[in-house]
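> could you look at this predicted model? Sequence included:
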Amino acid sequence: SMKILSILGARPQFIKASAISREITKRKNIQEKILHTGQHFDANMSKIFFDQMQIPKPDWNLEISNLNHGAMTGRMIEEIENILLEERPDWVLLYGDTNSTISGALSAKKLHLKIAHVEAGLRSYNMKMPEEINRILTDRISDILFCPTKGAADNLKLEGFKNFDCQIVNCGDVMYDNALYFRKYSKTPNFSKPQKFILTTIHRAENTDDSQKLASIFRAFDKIAREIPIVLPLHPRTKQKLNELKINISNSNFIIVNPVGYLEMVNLLEHCSLVMTDSGGLQKEAFFFKKHCVTLREETEWTELVDNGFNIIAGNIETNIYDAYKKMINKNSNF
Ligand code: UDP
């Protein structure tokens, strides 16, 4: 039988892993063990996904979080290596583009273990993003690259991956599997949700680590919330930055809540009028739930959505965000 060791650390990885674990548990000849690095640890950023999405309980939790990139990846590499040495899995399964992903890749490859990378081939072509560095390096040393889209597979071909000793598989998007599977379990969130609202999230370092940009985005939200309520499940990193910068918005139409579980997120996606986000996953989920999206970044990995007119790249300047909102808000009726 085949032994797989999955390495997870952050919310989008738990969500992706749920789609794969659902399949693995159906197959008697495959055994999966799960290593949680601890990168995301708050109950509403971690445990809730294991509970709601039936992900098997992690076999290890390294509890490595809240460190700078060097310290975090360094410690993860060291501890993951110890576990891999003991377990010697046939495959190490990695997801996405976080520090947990790159740490797992380096630990596994140097022990000559085989790596499968789920959500391979995505590129923003912005080398200032930690995620871009993590995904490029992980892709380069992976043995199987599972691409969510044809565009992702094409990116790898353009980078010469055909010449490398690896296999590229365009298998489709596991996030779509989840959207289809979990929509029937949609759960009303425990706060009072307005009739009509815009669903927003903000957490990318490029927005949270730049006080000007963060302030500009929140000014735009404040202005938009005077026209239509905004619901913002607030990521802990963004919450911390807003506190540090003393940015606080008192606008009863701007509803800031704690991060929600995936089932509540599905409910918000079903009922919202528009999505505004810097999240990669949420941009696609907007489309899966037939909602338009304003992306609060300078570029996106999911260019298909922009080409099709379902997504608009607004950046982080207040007026550009407001204009993009105006352009997209009335579009959903004719999706
Ligand atoms: N998500 C969630 N609850 C929230 C915010 C996001 O379940 O409060 C889900 C969202 O639906 C998507 C995933 O988390 O599936 C996106 O994760 P995140 O925005 O952290 O990362 P990214 O997609 O940018 O990698």
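Now that the structure is in, tell me what you want to look at. Only a predicted model underlies this, so the values are computations on that prediction, with no experimental measurement involved.

> only C-alpha atoms for contact and neighbour calcs from this point on.
OK.

> can you pull out the strands in the stretch 101-250 of the chain?
Applying DSSP state E, counting those that start in this stretch to the stretch 101-250 of the chain gives strands spanning 114-118, 144-147, 167-170, 198-201, 230-233.

> and the ones you listed: which comes nearest residue 289?
Judged by C-alpha to C-alpha, the one of those that comes nearest to residue 289 is strand 198-201, at 12.4 Å.

> before we move on, the earlier item: which stretch among the strands of the stretch 101-250 of the chain comes nearest the ligand?
The closest of those to the ligand is strand 230-233. By C-alpha to the nearest ligand atom, the value is 4.7 Å.

> ok, residues contacting that closest one?
Strand 230-233 is contacted from outside by 193, 197-201, 221, 224, 253-260, using C-alpha atoms under 8 Å, 6 or more residues apart in numbering.

> again, 6 Å this time
Contact partners of strand 230-233, identified using C-alpha atoms under 6 Å, 6 or more residues apart in numbering, comprise 197, 198, 199, 200, 201, 254, 255, 256, 257, 258, 259.

> can I have the buried ones of the residues you listed as a PyMOL selection?
Here is the PyMOL selection string for the buried members of these, based on 16 or more other C-alpha atoms under 10 Å:
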select buried, resi 197+198+199+200+201+254+255+256+259
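
> quick one: low-confidence ranges for this protein?
For the chain, residues meeting the criterion pLDDT under 70 lie at 332-335.

> buried residues in the top helix by length along it?
What stands out as the longest helix in the chain, according to DSSP state H, is helix 69-87. For helix 69-87, burial by neighbour count (16+ other C-alpha under 10 Å) applies to 72, 73, 75, 76, 77, 79, 80, 81, 84.

> which outside residues touch that helix?
Outside of helix 69-87, the residues within contact range by C-alpha under 6 Å, 6+ apart are 99, 103, 107.

> now that helix, how far from the centre of its chain.
The chain centroid and the centroid of helix 69-87 are separated by 22 Å under C-alpha atoms, centre = their mean, to the nearest Å.

> next SSE downstream of that helix?
strand 91-95 (DSSP states H and E).

> could you export the strands of the stretch 101-250 of the chain as JSON lines, including distance to the ligand?
Converted to JSON lines, these look like this (distance: least, C-alpha to the nearest ligand atom, whole Å):
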{"stretch": "strand 114-118", "distance to the ligand": "13"}
{"stretch": "strand 144-147", "distance to the ligand": "15"}
{"stretch": "strand 167-170", "distance to the ligand": "19"}
{"stretch": "strand 198-201", "distance to the ligand": "7"}
{"stretch": "strand 230-233", "distance to the ligand": "5"}
